[in-house]
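Undergrad: kindly generate the corresponding structure for this input.
(one chain, ligands or ions: 1)
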Amino acid sequence: MTETREGDIAAALARDGFAVVPGALSVAECDALNAAIETCRAAPGPTHRVLSPAGEPRLESELFRWGDTPAIRAVATEGTLPRLARAAFGTPDVILMEDQWFLSEAGAGARSPWHQDHPYHPLEPWFLTIWIALDPPPGPVGLSVARGSHGGTMYGPVEFSAGDATLGSAAGQLAPVPDIDADPGAWDVVTPEIGKGDAIVMDSRTLHAAGGNCASVFRRLSIRYAHPGTHIRPRDWPVAEFWSDHPFARTMGAHLDPAAFPVLRA
Ligand SMILES: O=C(O)CCC(=O)C(=O)O
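TA: Model (predicted):
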């Protein structure tokens, strides 16, 4: 694994679209987050989805639990992760946008397909996803990224869910994500070797995928941070349901409401 020092994160993001940060969270923090994911599963909120086909060992995901889940709030708002986001943007303030956990049960085969995070959101400029493995990946199921793809085409959002939809509706559509697995020679695909607590920091325009055949449970957490100058840019293609449901998401130039999206000061 090529480690990126904190001071080099902005340059790595600009060049490659991602950076690897080993040991971003401690084992104790990962254990607390894994317990928190079980609490969330026991009382799922409106954004909880089973992404795998019915009847199979599950791939599940949920967003926006930092407000009622202290372990998620702690890592999202204090310590290493906001510090990495400040280093990435080069700003003393960053905005907490979203938290999203993923859980693959032992035996799950469903994968998060190749996609970019950017087109799911009516936001500019690019934002940051910090993805952390909360368990050692049970097989080649960690995050894969297409190096340099942040500087190319923006493709249409891909529906993750085999059942309940996660995308809103709109008339337009962008070009579909190409079949990267079928044409690996055309892409510089990297799957960093990572362990429990290691993070991959990504530009929201970087193509990535994760999951697949998991021999044992595999939990991971993504925290997304926005640049303090982030504003709304309504899209004419379907964005993530949460964002399409919000009236402010249709107001060109509006800023994120700090009551819902806290500004984290250094
Ligand atoms: O871990 C996963 O399955 C997918 C993570 C991901 O694509 C993301 O957080 O944007």
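
Undergrad: tell me the secondary structure at Leu81.
TA: Under DSSP: H, G, I helix; E, B strand; the rest coil, Leu81 falls in the helix class.

Undergrad: look up how far Asp31 lies from it.
TA: Distance from Leu81 to Asp31, counting by CB to CB, to the nearest Å: 17 Å. Backbone N, C-alpha and C define where each C-beta goes, glycine included.

Undergrad: in terms of neighbours, single out the busier of those two.
TA: The residue with more neighbours, out of Leu81 and Asp31, is Leu81; 28 against 16, by other CB atoms under 10 Å.

Undergrad: was I right about Ala19 contacting Glu6?
TA: No. Contact criterion CB atoms under 8 Å: Ala19 and Glu6 do not qualify, at 9.3 Å.

Undergrad: so the two - more neighbours on which side?
TA: More crowded of Ala19 and Glu6, by other CB under 10 Å: Ala19, with 27 against 14.

Undergrad: the helix or strand that contains the more buried one packs against which elements?
TA: Using DSSP states H and E, Ala19 falls within strand 18-21. On a contact count with 3 or more CB pairs under 8 Å, 6 or more residues apart in numbering; DSSP states H and E, strand 18-21 meets helix 9-16, strand 199-203.

Undergrad: contacts for it next, please.
TA: With CB atoms under 8 Å, 6 or more residues apart in numbering as the test, strand 18-21 has contacts from 1-4, 6, 8-9, 12-13, 84, 88, 145, 147, 190, 192, 194, 198-203, 206, 208.

Undergrad: any chance of a PyMOL selection covering the buried ones in these?
TA: In PyMOL, this line selects whichever of these come out buried by 16 or more other CB atoms under 10 Å:
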select buried, resi 4+9+12+13+84+88+145+190+192+194+198+199+200+201+202+203+206+208
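
Undergrad: end to end, how far does stretch 124-136 reach?
TA: Stretch 124-136 has an end-to-end distance of 34 Å (CA to CA, to the nearest Å).

Undergrad: near the ligand at all, it?
TA: Yes. On the criterion CB under 6 Å from any ligand atom, stretch 124-136 is in touch with the ligand at 129, 131.
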